[in-house]
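Undergrad: Take this sequence and fold it.
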Amino acid sequence: MRIGEIAAAVGLTTRAIRHYHHLGLLPEPVRRPNGYRSYGLREAIVLARIKRLTELGLGLDEVRDVLADDAGRELTEVLAELDEDLARQEEAIRERRTRLAELLQMSREGLLPGDGPVSPGLAELLTRLCPADSATAAKDLEHLALFDAVAEAGLRERLYETLREVADDPGLTARLRQVYARLDELADAPVDDPRVAPLGEELAGLVPDNILAVLVDGGEDREEARTGPAAKGGARLGTAFGDAFLDDFAPAQAAAVRHMLKLLTGTTQWSP
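TA: So this is what the prediction gives:
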C-alpha cells in the first residue's frame, strides 16, 4: 500500500503518518524502485494501535513508551495513570459545574455583581450584606470581587468568615445598611462636610475586632493591627492598592474612610 492507501485504511492523515515517522513511532518502510514508500499489514497494525492510544488521551511520548515495551507492562501503567488523571479532571469539572450553577442562579435573580464571577464564599455573602439600591454598596461589591480574585485562599477565607459573622448578626447588618445610606449621601459632598467625621467614627465602631487585622495584617488581633508592622507601614494591601481603593470613592466618602483608619490604626493610609 502507498501512504495514501494505508492512511485511508486506518483512518489517519498522510501528514500524521509522516509525523509518526519523524518521531520514530513508525519505522520507515521499504521503498519501491520509484521511491514511494510501500506499507504492509505490520505498519497498518502499528498505526491502528497508535490511533487507539492517542484516542484514549495518551501523548505521543507515552505512546512511544508503550510501543517500546513488548510485554505490555508499560501499557498497563500508562493506562492506570491516565485513568487517575481523568478521575481528577472529572472531580474538577464537577466542582466547576457546582460553582457555575450557584452563579447562574444568582445571575437569574439579578444578584451577581457586574465584575463577577466570584467565588462561592463571596457569592454567599453578597445578598446578605449589601443593599441592592446603594451605589456605595455596589462599589464595595466590585472591591470584594477584586479581592476575591487576587487574595490568597487562606486570607480570603478568613475575611469571609468574619463577614459571615456580620451577616449572621441582624443588628450589625442593619447598621451596615444605614452606613451605606449615609455614604451614598456624601457622594457629592465636599471633603470638609461636617458629616464626614461622625460617619468615620460610625464606620470604626462597626468594624469587627478581627476584620481590619485580616485586611491589613492577615489575621492578627486589633491591638497588633494598631501597633504592629501594618500600623508602621507593613500593610498587606500595599500602598498602590490602598491608594487606588480610597481614590475609587468620592472625596468626602474617602475622607470618612481615612478617618476610620486613623481611629483604628493611627494612620490615614493602608501603608505610608
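Undergrad: name the element the closest residue to Arg37 other than its chain neighbours belongs to?
TA: Leaving aside its sequence neighbours, Arg37 sits nearest to Pro29 (CB to CB, 6 or more residues apart in numbering; 5.0 Å). Any C-beta I mention is one placed from the backbone N, CA and C, and that applies to glycine too. According to DSSP states H and E, Pro29 maps onto no helix or strand at all.
Undergrad: count of residues packed around Pro29?
TA: Per other CB atoms under 10 Å, the neighbour tally for Pro29 reads 17.
Undergrad: same question, Arg175
TA: 15.
Undergrad: ok, Lys51 touching Gly11?
TA: Yes. Applying CB atoms under 8 Å, one finds Lys51 in contact with Gly11, separated by 6.6 Å.
Undergrad: more neighbours, those two?
TA: Lys51 (16 against 10).
Undergrad: mind checking pLDDT for that one?
TA: You'll see Lys51 listed with a pLDDT of 90.
Undergrad: Show the contacting residues for it.
TA: Val10, Gly11, Leu12 (CB atoms under 8 Å, 6 or more residues apart in numbering).
Undergrad: 10 Å - rerun?
TA: Val10, Gly11, Leu12, Ala16, Tyr20, Val63 (CB atoms under 10 Å, 6 or more residues apart in numbering).
Undergrad: Ok, Pro29 next?
TA: Pro29 touches Met1, Ile3, Ile6, His21, Tyr36, Arg37, Ser38, Tyr39, Gly40, Arg42, Glu43, counting by CB under 10 Å, 6+ apart.
Undergrad: run the last query once more with 6 Å
TA: Arg37, Ser38, Tyr39, Glu43 (CB atoms under 6 Å, 6 or more residues apart in numbering).
Undergrad: can you give me the helices for the stretch 1-150 of the chain?
TA: Remark: helices assigned in the stretch 1-150 of the chain by DSSP state H, counting those that start in this stretch are 3-10, 14-23, 41-55, 60-68, 73-108, 120-129, 135-150.
Undergrad: Of all the residues in the last one, which ones are buried?
TA: Right, the one you point to is helix 135-150. Neighbour-count burial for helix 135-150 flags Thr136, Ala137, Lys139, Asp140, Leu141, Leu144, Ala145, Leu146, Phe147, Asp148 (criterion: 16 or more other CB atoms under 10 Å).
Undergrad: And for the second one?
TA: Within helix 14-23, the residues that qualify as buried are Ala16, Ile17, Tyr20, counting by 16+ other CB under 10 Å.
Undergrad: Can you name every helix or strand that that helix contacts?
TA: helix 3-10 (3 or more CB pairs under 6 Å, 6 or more residues apart in numbering; DSSP states H and E).
Undergrad: which secondary structure elements does the helix it packs on contact?
TA: helix 14-23, helix 41-55.
Undergrad: Tell me which of those helices sits nearest to Thr98.
TA: Across the helices and strands packed on helix 3-10, Thr98 has its closest neighbour in helix 41-55 (29.2 Å, CB to CB).
Undergrad: The closest one vs helix 14-23, what angle?
TA: Counting by axes from the mean of the first three to the mean of the last three CA atoms, to 10 degrees, helix 41-55 lies at 100 degrees to helix 14-23.
Undergrad: roughly how far out does helix 41-55 sit from the chain middle?
TA: 40 Å (CA atoms, centre = their mean, to the nearest Å).
Undergrad: Sounds good, over and out.
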